[in-house]
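Enquirer: here is my input, please return the structure:
(chains A and B)
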Amino acid sequence: MRALLIRDLKLAFRAGGGFGLGLAFFLIVVTLVPFSVGPQSELLSRIAVGVLWLGALLACLLSLDRLLALDWEDGSLDLIATAPLPLEGVLSIKALAHWLTTGLPLVIAAPAFGVLLNMPSGGAKWVVVSLLLGTPALSVIGVFGAALTVGIKRGGLLLSLLVLPLYVPTLIFGAELARRGLDGQSTQTSLLMLAGITLGVTALMPFASAMVLRMNLR
Amino acid sequence: MLMSVSNLTVARGGLPVLSGLNFVVKEGQALVLRGPNGSGKTTLLRTLAGLQPPIDGLIKGAEDMLAYAAHSDGLKSMLSVEENLTFWAQVFGQSDIEPAIDAFALPDLRTRMAGTLSAGQKRRLGLARLLVTGRPIWALDEPTVSLDAASVALFARAVQTHLGNGGAAIIATHIDLGLTDPEILDVSGFQADPETSSSSDAAFL
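Expert: You can find the predicted model right below:
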């Protein structure tokens, strides 16, 4: 298992591995928003949290189609499936590697990007907390989508269509948590819901992902 | 006896391709699968490797005993030869990759990225992976594709050594590897009648 994690991280950092791609996409989305809504700093600071969450979600989505497709193309997915590792564990490790190379950088960069959107001070903390709790769910659900579409030529668009609706609960409670925290309202409900979603999908989703992957490999 | 197969029916895309297969694989034995293109050799090997369930019949002893080598080598082009082998060794709980590197004449390529290797060199690296799995039965699908004569000889020697150590090999190939006393199984005699298709459910899944 550790060997697989190390391999995936190594591959992500080498040329063509796609590390930083999500981060750059996130930065561009955040930069484009002020251009599209105009130079109204008050409006921007009101929507900053929502934009950051949406940007992070889309950046996460961007890297999903490489998650299993690359391993499928060069045949290593078949070989990993016949190795003595449980497929559920393999896919959990894949999700972890995806989160470490895509989700975590987004969490760390979000406060800095918030400045571009005139996010009120005090918002940074809540954006980091909500993204930290929410992005693991995005990776785990993303692996499920990747397992569903593995083997389909140019399955990227289909993958997005399948995965985006599944991201809705995370987005709702994640953005809600950051917004409430920023406004000084009670955050307990959304905090618990967001943590619950993340823990729930992390525990259960790998089983579903492994099952659809087994069918796709047949 | 390492593995036995009785009355096996395998399917591809929901249609049965081979049926009524019976064979055993013993220590030190090479089983060579023959048959024209599309006769179901790959499907049989994938079923034995556990990548797809058989439609009917029994496979005994294959679990965690089989190392499968498919048409593609499963190499990461941005990892070096050594890193690729080390990864597979660790996945299979082994640590020593030196015998594999020596057996397939890879010492000079050690630090080269797998993506910069030639087709034959990639194949050699893919086959070296079998040695680091430490598994007794090798299931090989056209292992000699893109290998030159010298490399085929290297490969044949590796298989012979593996058999000598009490291992076994199931090889789908069209060329004569010069193995001592291989058992030949011509799958064209076991073609399934596609009309007697299984339930629609299996085809759907």
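Enquirer: find the closest residue to chain B in chain A.
Expert: For chain A, the residue closest to chain B is A:Gly75, as judged by Cβ to the nearest Cβ, at 3.0 Å. C-beta here means a position set from N, CA and C on the backbone, and glycine is covered the same way.
Enquirer: ok, for that residue, nearest residue in space, not its chain neighbours?
Expert: Excluding the flanking residues, the one nearest A:Gly75 by Cβ to Cβ, 6 or more residues apart in numbering or on different chains is B:Ser72, at 3.0 Å.
Enquirer: which of the three states applies to residue 189?
Expert: I went with chain A, as the question did not name one. Under DSSP: H, G, I helix; E, B strand; the rest coil, A:Thr189 falls in the helix class.
Enquirer: any idea how many residues pack against it?
Expert: Using other Cβ atoms under 10 Å in any protein chain shown, A:Thr189 has 12 other residues around it.
Enquirer: distance of it relative to A:Ser139?
Expert: Look at A:Thr189 and A:Ser139: by Cβ to Cβ, to the nearest Å, they are 24 Å apart.
Enquirer: swap in A:Ser130?
Expert: 15 Å.
Enquirer: so which bits of stretch A:99-111 are buried?
Expert: A:99-107, A:109-111 (16 or more other Cβ atoms under 10 Å in any protein chain shown).
Enquirer: what's across from the residue nearest the centre of chain B in the sheet?
Expert: By Cα atoms, centre = their mean, chain B has its centre lying nearest to B:Leu140, at 2.0 Å. Beta bridges link B:Leu140 to B:Ala69, B:Ile171 when assigned by DSSP bridges.
Enquirer: near chain A, which residues of chain B?
Expert: B:49-53, B:64, B:66-68, B:70-79, B:83, B:86-88, B:90-93, B:129, B:205 (Cβ under 8 Å from any Cβ of the partner chain).
Enquirer: in strands only, show me these.
Expert: B:66-68 (DSSP state E).
Enquirer: what residue ranges in chain B score low on pLDDT?
Expert: Applying pLDDT under 70 to chain B picks out residues B:194-205.
Enquirer: of all of it, which residue lies closest to chain A?
Expert: For chain B, Cβ to the nearest Cβ, closest residue to chain A: B:Ser72, 3.0 Å.
Enquirer: for burial, what's the neighbour tally of that residue?
Expert: Residues lying near B:Ser72 (other Cβ under 10 Å) number 17.
Enquirer: is it in contact with A:Leu77, as I believe?
Expert: No - assessed by Cβ atoms under 8 Å, B:Ser72 is found out of contact with A:Leu77, at 9.9 Å.
Enquirer: picking up where we left off before, could you tell me which residues make contact with the residue nearest to the centre of chain B?
Expert: Counting by Cβ atoms under 8 Å, 6 or more residues apart in numbering or on different chains, B:Leu140 touches B:45, B:69, B:127, B:130, B:169-173.
Enquirer: likewise for B:Val152?
Expert: B:Val152 touches B:144, B:175, B:177, counting by Cβ under 8 Å, 6+ apart.
Enquirer: next, count neighbours for the closest residue to A:Phe144 other than its chain neighbours.
Expert: Of all residues not flanking A:Phe144 in the chain, A:Ser209 sits nearest, at 4.4 Å (Cβ to Cβ, 6+ apart). Number of residues near A:Ser209 (other Cβ under 10 Å) recorded here: 27.
Enquirer: counting contacts, what elements does whichever strand or helix holds A:Ser209 pack onto?
Expert: For A:Ser209, the host element (DSSP states H and E) is helix A:188-217. Packing partners of helix A:188-217 (3 or more Cβ pairs under 8 Å, 6 or more residues apart in numbering or on different chains; DSSP states H and E): helix A:76-81, helix A:87-98, helix A:123-149, helix A:156-183.
Enquirer: deepest of those helices, which one?
Expert: helix A:123-149 (a mean of 25; mean count of other Cβ atoms under 10 Å in any protein chain shown).
Enquirer: report the angle between that one and helix A:156-183.
Expert: Taking axes from the mean of the first three to the mean of the last three Cα atoms, to 10 degrees, one finds helix A:123-149 and helix A:156-183 inclined to each other by 160 degrees.
Enquirer: let me see the ranges of the strands in chain B.
Expert: With DSSP E, the ranges of strands along chain B come out as B:3-12, B:15-25, B:30-34, B:56-60, B:66-69, B:137-141, B:168-172, B:183-186.
Enquirer: now the fifth one: how far from the chain's centre is it?
Expert: In terms of Cα atoms, centre = their mean, to the nearest Å, the gap separating the centre of strand B:66-69 from the centre of its chain is 5 Å.
Enquirer: ok, the longest one next?
Expert: Per Cα atoms, centre = their mean, the displacement of strand B:15-25 from the mean C-alpha position of its chain is 16 Å.
Enquirer: with stretch B:57-76 instead?
Expert: Relative to the chain's own centre, stretch B:57-76 is displaced by 6 Å; criterion: Cα atoms, centre = their mean.
Enquirer: would you map the helices across chain B?
Expert: For chain B, the helices defined by DSSP state H cover B:41-48, B:81-91, B:98-103, B:119-133, B:149-164, B:200-204.
Enquirer: nearest to A:Gly20, of those?
Expert: Judged by Cβ to Cβ, the one of the helices of chain B that comes nearest to A:Gly20 is helix B:81-91, at 21.5 Å.
Enquirer: noted, bye for now.
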